[in-house]
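Asker: using only what follows, build the 3D model:
(chains A, B, C and D)
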Amino acid sequence: MIDVLYFAWVRERIGLPKERIETQAATVADLVEELKAREERYALAFSDLSALRVAVDQDLTDFDAPLAGAREVAFFPPMTGG
Amino acid sequence: MIDVLYFAWVRERIGLPKERIETQAATVADLVEELKAREERYALAFSDLSALRVAVDQDLTDFDAPLAGAREVAFFPPMTGG
Amino acid sequence: MDIRVQAAPFDFGAEAGAFAEGHTQAGAIVTFTGVVRGDDSLTRMEIEHYPGMTERALEKIAGQAMDRWALADCLVIHRHGPMVPGEAIMMVATAARHRADAFAAAEFLMDYLKSRAPFWKKEYREGAEDWVAAKDADEAALGRWDGD
Amino acid sequence: MDIRVQAAPFDFGAEAGAFAEGHTQAGAIVTFTGVVRGDDSLTRMEIEHYPGMTERALEKIAGQAMDRWALADCLVIHRHGPMVPGEAIMMVATAARHRADAFAAAEFLMDYLKSRAPFWKKEYREGAEDWVAAKDADEAALGRWDGD
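Answerer: Numbering: from 1, shown residues only, chains lettered A, B, ... in the order given. Next up, the predicted model:
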């Protein structure tokens, strides 16, 4: 089980801020494929990975990062703070 | 007639902040030579021109600047504002 | 190091003054503040963030600044939630003996905070709401801190 | 452009806050302030200046900053006369739409003000008074503004 969080327009497209997912995905990219296969809104949100960023356990990382032991994965657009 | 101003340690060495001088000096360097010839305290203050800066009519300039038409010449060490 | 992530407005002048007064041995104080601009008929802005990761990211960025330059201290305040034109969004302040360190660290904090801290801005105009797009220039700005 | 040369102390926080509030359309505000450090048993400092030329030099430097970067405005306050540790000596503030302009202009103002405005600092310690020597690094810093 892993917590999956969505922020900004990713959250809006998927329609929820957070969900708990049962997955055996080995990497972030594997998890993305599982999600895209679920429903159209996921496929739409993840259609262009170059427009997305990912954090595993609150550290920025890449889509090929492993998920072993991870408690929390978050997807969001490039940040626009400051 | 020209006003000659001294600041910081130049003022202290020469012993006054300002004086009015009758001179025919064509350039700042000529004026410096005239002053050095006057008294020991001037010779001392002007002994190392690389340690001095000069302004003519309140604009920073060089020692070879002409004095024709100038109303005011100032001598001082490198600035230390900020 | 003082990192604050908050919904409440803050008084930039009061914070800048208190920071300077708290670091009179440093000599050189640099501040940056970003204000919500009211142009292009913007009526309000909303900043979303990632609670937990935000604080973690800002602590990391500020720690890197402290390690890299001879800083006496640094301060980061960043708001989230709704705000209106004229309000301060965020500020950074740095204190150092030498102005070059204070300036460089403040610019570094801003560059990393723009692109590496999990904040997202949404702008509201009459009849329209848009997520602000990240600027290529902001990502490119990070490059200048590599390798020296 | 607001240039002030004064003997009176000023409140950095209040000035920084008022400047930011006066330029909310700019978005990005950078400030620098220099404070008298009380270390090395310094008891007081005295700043001599060249009345008339000081204002003229600061106006020129600020005008160059306004010409060179897309600034909404800039502020320079510089004190002269006696001051004690903990007091602000001077400040600059810049307002721009983009932070890169605000930062660059503030650093430019500081670099030129350090070496091209007619101020001279004298430091007083127990039994000793010394004119502060200009730093080679300050003169060298001007070089980075040449030619681009």
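
Asker: the residue in chain A positioned nearest to chain B: neighbour count?
Answerer: Nearest residue of chain A to chain B (C-beta to the nearest C-beta) works out as A:Gly82 at 27.4 Å. C-beta here means a position set from N, CA and C on the backbone, and glycine is covered the same way. Neighbours of A:Gly82 under the rule other C-beta atoms under 10 Å in any protein chain shown: 22.

Asker: over to C:Asp73?
Answerer: Using other C-beta under 10 Å, C:Asp73 is surrounded by 17 other residues.

Asker: could you verify that it is part of a strand?
Answerer: Yes: per DSSP: H, G, I helix; E, B strand; the rest coil, C:Asp73 lies within a strand segment.

Asker: just to check, it is in contact with C:Ala20?
Answerer: No: in this structure C:Asp73 lies outside contact range of C:Ala20 using C-beta atoms under 8 Å: 10.8 Å.

Asker: for the two, list the residues in contact with both.
Answerer: Here C:Asp73 and C:Ala20 have C:Ala95 as joint contacts, going by C-beta atoms under 8 Å, 6 or more residues apart in numbering or on different chains.

Asker: and the helices in the chain, which stretches?
Answerer: I went with chain A, as the question did not name one. Remark: helices assigned in chain A by DSSP state H are A:8-14, A:28-38, A:40-45.

Asker: wait, chain C was what I had in mind.
Answerer: Ranges of helices within chain C are C:12-21, C:53-68, C:99-116, C:136-141, based on DSSP H.

Asker: give me the angle between the longest one and helix D:99-116.
Answerer: Helix C:99-116 runs at 180 degrees relative to helix D:99-116, counting by axes from the mean of the first three to the mean of the last three C-alpha atoms, to 10 degrees.

Asker: which secondary structure elements does helix C:99-116 contact?
Answerer: Secondary-structure packing of helix C:99-116 (3 or more C-beta pairs under 8 Å, 6 or more residues apart in numbering or on different chains; DSSP states H and E): strand C:28-35, helix C:53-68, strand C:71-79, strand C:88-96, helix C:136-141, strand D:28-35, helix D:99-116.

Asker: now render those as TSV, adding mean pLDDT.
Answerer: Formatted as TSV, these follow (pLDDT from 0 to 100):
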stretch	mean pLDDT
strand C:28-35	98
helix C:53-68	98
strand C:71-79	98
strand C:88-96	98
helix C:136-141	90
strand D:28-35	98
helix D:99-116	97
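
Asker: nearest to D:Ala93, out of these?
Answerer: When these are compared by C-beta to C-beta, strand D:28-35 sits nearest D:Ala93, at 4.5 Å.

Asker: for the residue in chain A that chain D sits nearest to, which residues are in contact?
Answerer: Residue nearest to chain D within chain A (C-beta to the nearest C-beta): A:Gly82, separated by 7.6 Å. A:Gly82 makes contact with C:Gly34, C:His78, C:Ile89, C:Met90, C:Met110, C:Leu113, C:Lys114, C:Ala117, C:Phe119, D:Arg99, according to C-beta under 8 Å, 6+ apart.

Asker: now render these as TSV, adding neighbour count.
Answerer: Output for those, formatted as TSV (neighbours: other C-beta atoms under 10 Å in any protein chain shown):
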residue	neighbour count
C:Gly34	25
C:His78	24
C:Ile89	22
C:Met90	25
C:Met110	26
C:Leu113	23
C:Lys114	24
C:Ala117	27
C:Phe119	26
D:Arg99	24
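
Asker: rewinding a little: can you tell me the closest non-neighbouring residue to the residue of chain A closest to chain B?
Answerer: Residue nearest to A:Gly82 in three dimensions, not counting chain neighbours: C:Lys114, with 4.0 Å by C-beta to C-beta, 6 or more residues apart in numbering or on different chains.

Asker: gap between the one you found and C:Glu139?
Answerer: 9 Å (C-beta to C-beta, to the nearest Å).

Asker: check the residue of chain A closest to chain D and give its pLDDT.
Answerer: We have a pLDDT of 92 for A:Gly82.

Asker: any idea how far it is from A:Ala26?
Answerer: 35 Å.

Asker: cool, and C:Arg99?
Answerer: Relative to A:Ala26, and taking C-beta to C-beta, C:Arg99 is found at 50 Å.

Asker: residue numbers of chain C in contact with chain B?
Answerer: Contact residues (C-beta under 8 Å from any C-beta of the partner chain) of chain C with chain B: C:Arg99.

Asker: return the residues of chain C in contact with chain D.
Answerer: Contact residues (C-beta under 8 Å from any C-beta) of chain C with chain D: C:11-18, C:20-21, C:23-39, C:85-86, C:88, C:97, C:99-100, C:102-103, C:106-107, C:110, C:141.

Asker: kindly report the same for chain A.
Answerer: Chain A has residues A:Gly82 near chain D, with proximity defined as C-beta under 8 Å from any C-beta.

Asker: show me where chain A has its strands.
Answerer: A:2-6, A:18-21, A:53-56, A:59-61, A:72-76 (DSSP state E).

Asker: redo the ones you listed as CSV? Include distance to chain B and mean neighbour count.
Answerer: Rendered in CSV, the data for the strands of chain A read as follows (distance: least, C-beta to the nearest C-beta, whole Å; neighbours: other C-beta atoms under 10 Å in any protein chain shown):
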stretch, distance to chain B, mean neighbour count
strand A:2-6, 48, 18
strand A:18-21, 51, 12
strand A:53-56, 41, 21
strand A:59-61, 39, 15
strand A:72-76, 43, 21
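
Asker: select, out of the ones you listed, the one closest to D:Val5.
Answerer: For the strands of chain A, proximity to D:Val5 was assessed by C-beta to C-beta; strand A:59-61 is nearest, at 47.9 Å.
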